[in-house]
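>>> after the sequence you'll find the predicted model.
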Amino acid sequence: MATSIELRQIHKAYGDVPVIHGVDLSIEPGDFTVFVGPSGCGKSTLLRMIAGLEPITGGDLLIDGQRMNDVPAAGRGIAMVFQSYALYPHMSVYKNLAFGLETARMPKAEIAERVQKAAEILKIEPLLQRKPKQLSGGQRQRVAIGRAIVREPKIFLFDEPLSNLDAELRVAMRVEIAKLHNDLGNTMIYVTHDQVEAMTMADKIVVLRAGVIEQAGAPLELYNNPRNLFVAGFIGSPKMNFMTTSVEGGTLKTGGLNLDLGRNVTGATTLGIRPEHITITEGSGIKFAEVKVDLVENLGGQTVVYASTADGQTLNIVLEGQRIVDIGSMVSAYADPAKAHVFDAQGNAIR
Amino acid sequence: MAVNAADAAVHTAASGTTKWSRAWQSHAPGYLFLLPWFIGFFGLTIGPIISSFYLSFTDFDLLTSPEWVGTANYVRMFTADRAFAQSMQVTFTFVLFSVPLKLAFALAIAILLNRGMKGLPLYRAVFYLPSLLGASVAIAILWRQIFAGDGLVNQFLANFGIDGPSWISNPRYSLWTLIILSVWQFGSPMIIFLAGLRQIPQDMYEAASLDGASKWRQFWKITLPLLTPVVFFNAIIQTIEAFKSFTPAFIISNGTGSPINSTLFYTLYLYNEAFSYFRMGYASALAWFLLLLIGCFTAFSFLTSKYWVHYDD
């Protein structure tokens, strides 16, 4: 039932300016795939090419094995939720949902039935006769999703759909979209610049930078085994700590300390350790830095320590529970060697 | 004298009296600068408007003093003046055809220009040019040449073996040459339509195309409804302009409304009553009736607008 999508060497250029440089990606039927990356990385362009809103400069787009490059947007079996919602302001919510079905000349009774069903799923039945301007941001978001649902598309595309909502609503809608995916089982692609959204919703995350896929894989795969410095820094919150290192005689040296990671570290120039993998208690992992505490944040469940080394490199540490750490004090940082990442001069991970 | 008044004001303020004199002191220079405009506004605009209202109830030939006749002028319009009826018919025909045609034409060109073509500023200026020249005497004279018996139009038609009539001196076509002249001046509604089209978010069209709507359906279901505030504005402005239209008819018919009154516009008839026959009282009544007519039309438009104009906010 669900639909597969395959991108083969997809290129995009605006005039002479290339923006997507040969993307290969295959999306399994029913997967929830998230495109994530900083602004300007080409994630929205990629989505819009799949939708048929942007012409594809080079390569092939296959939906269920069929080449779709030249099929118009409406013929691809796709529905899209826009960042701006793109609701028709002069139509009631009902008309907004019905527009695509009326365009397809569906019988009135069937339109009413489908709109009703979508309204029930999204709990917007009382709003059907209102105009978009009479709705709150969250309600508009639901209507925009409703407009996608009624058409019963094979594929759902979401272009940063939650970025106009406040933080609380964003979390609530995130859960609802994930639920929707579970209930409907369709293939969905979701674009965001928020790595938390990506981590929590995705079956598969595709990290993009400057029109190139940096890494694609399951969220925890990306978290545990980032392929390079960019992915390591982008996935995970707070950000992974990076420290300059050198290798002498097969051992890693940083800030005057010798680290034995128990594996090959040839060519390593950067050591990466996530804040949540650091402790300041002896006996848990190897000692890799002596740091001075600059600032402490007590969040209740966690304690965040901002610290710096003697040579001025910053280190963020997230400790479980409520801990008393004095500002200005010197502490030793320990980490499990298995959870330390090392990268070479090109930024690629050494494994 | 005005300077004296200001001096006097300064003087009273200096003697430390009321709020008014202090306000006068601080604003006096401003009012002095505005004085030429005030003289024009009261002497040449408001004054004549008020006196014309009085004159519309009189018999006045500019030479002897006005003679009060009550509502006789207004009664005469509707009971004893066939030329008035003719001018009403001509004007309404003109408004009814020229305004929708002009708006449709302006919108069509605006949509064409909105497709992001190269050299847009140039085309915009070129298409706007007729609107700048349109109401001028020169263009009306040019128009007379184009549609005359041996004019450009007939020379063109002669290529196909068609022997065209003299368009402007044939009562069947004369009004139409003026309607075409009016439609040709589509520049200003076009510019406004163009601005309105730019306001419609691109993602509306993207959403509609994903919904499977053809360009044609997008125009009727998205573009036109979202453009209704602009259509409404243009319709009102252009209708008022059309009711007031004078110069082209005056020039093309040599001020007579000929042939056989087929281009006797309301304003032309009014002008002739006033300045050819010196019936100032009657002409004033005609002017006030035109104002009432335009006022009623505008009010009606606003009343119906809530059923067809979609305001976003």
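Cool, the structure landed.
>>> name the SS class of B:Val183, please.
helix (DSSP: H, G, I helix; E, B strand; the rest coil).
>>> again, but for B:Ser65
Per three-state DSSP, the secondary structure class of B:Ser65 is coil.
>>> so the most centrally placed residue in chain A is in which element?
In chain A, the residue lying closest to the centroid (C-alpha atoms, centre = their mean) is A:Ala198, at 2.8 Å. Using DSSP states H and E, the element containing A:Ala198 is helix A:195-201.
>>> please apply the same query to A:Leu25.
Assigned by DSSP H and E, A:Leu25 falls in strand A:17-27.
>>> sheet partners, orientation included, of that strand?
strand A:5-14 (antiparallel) (DSSP bridges).
>>> for chain B, what's its nearest residue on the stretch 151-300 of chain A.
Among all residues of the stretch 151-300 of chain A, A:Arg151 sits closest to chain B, at 7.5 Å; criterion: C-beta to the nearest C-beta. Backbone N, C-alpha and C define where each C-beta goes, glycine included.
>>> is it true that that residue touches A:Ile78?
No. Between A:Arg151 and A:Ile78 there is no contact, the gap being 9.0 Å when judged by C-beta atoms under 8 Å.
>>> where does chain A have low pLDDT?
A:1 (pLDDT under 70).
>>> which element is the nearest residue to B:Phe97 once chain neighbours are set aside on?
Leaving aside its chain neighbours, B:Phe97 sits nearest to B:Ile179 (5.2 Å; criterion: C-beta to C-beta, 6 or more residues apart in numbering or on different chains). Element membership for B:Ile179 (DSSP H and E) is helix B:174-184.
>>> packing partners of that helix?
helix B:82-113, helix B:137-146, helix B:247-252 (3 or more C-beta pairs under 8 Å, 6 or more residues apart in numbering or on different chains; DSSP states H and E).
>>> of those, flag the one that's most buried.
helix B:247-252 (a mean of 22; mean count of other C-beta atoms under 10 Å in any protein chain shown).
>>> then the helix or strand just after the helix holding B:Ile179 to PDB, C-alphas only?
Sequence order places helix B:187-199 as the next helix or strand after helix B:174-184, per DSSP H and E. Extracted C-alpha coordinates of helix B:187-199, given in PDB (Å, rounded to 0.1, in the frame of the first residue of the first chain):
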ATOM      1  CA  GLY B 187      -2.600  52.100 -17.700                       C
ATOM      2  CA  SER B 188      -3.600  53.200 -14.200                       C
ATOM      3  CA  PRO B 189      -5.900  50.300 -13.300                       C
ATOM      4  CA  MET B 190      -3.300  48.000 -14.800                       C
ATOM      5  CA  ILE B 191      -0.600  49.300 -12.500                       C
ATOM      6  CA  ILE B 192      -2.900  48.900  -9.500                       C
ATOM      7  CA  PHE B 193      -3.800  45.300 -10.600                       C
ATOM      8  CA  LEU B 194      -0.200  44.500 -11.000                       C
ATOM      9  CA  ALA B 195       0.500  45.600  -7.500                       C
ATOM     10  CA  GLY B 196      -2.500  43.600  -6.300                       C
ATOM     11  CA  LEU B 197      -1.300  40.500  -8.100                       C
ATOM     12  CA  ARG B 198       2.100  40.800  -6.400                       C
ATOM     13  CA  GLN B 199       0.400  40.600  -3.100                       C
END
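>>> re the thing from before, and the helix holding B:Ile179, how far out from the chain middle?
15 Å (C-alpha atoms, centre = their mean, to the nearest Å).
>>> avg pLDDT for that helix?
Across helix B:174-184, pLDDT averages out at 86.
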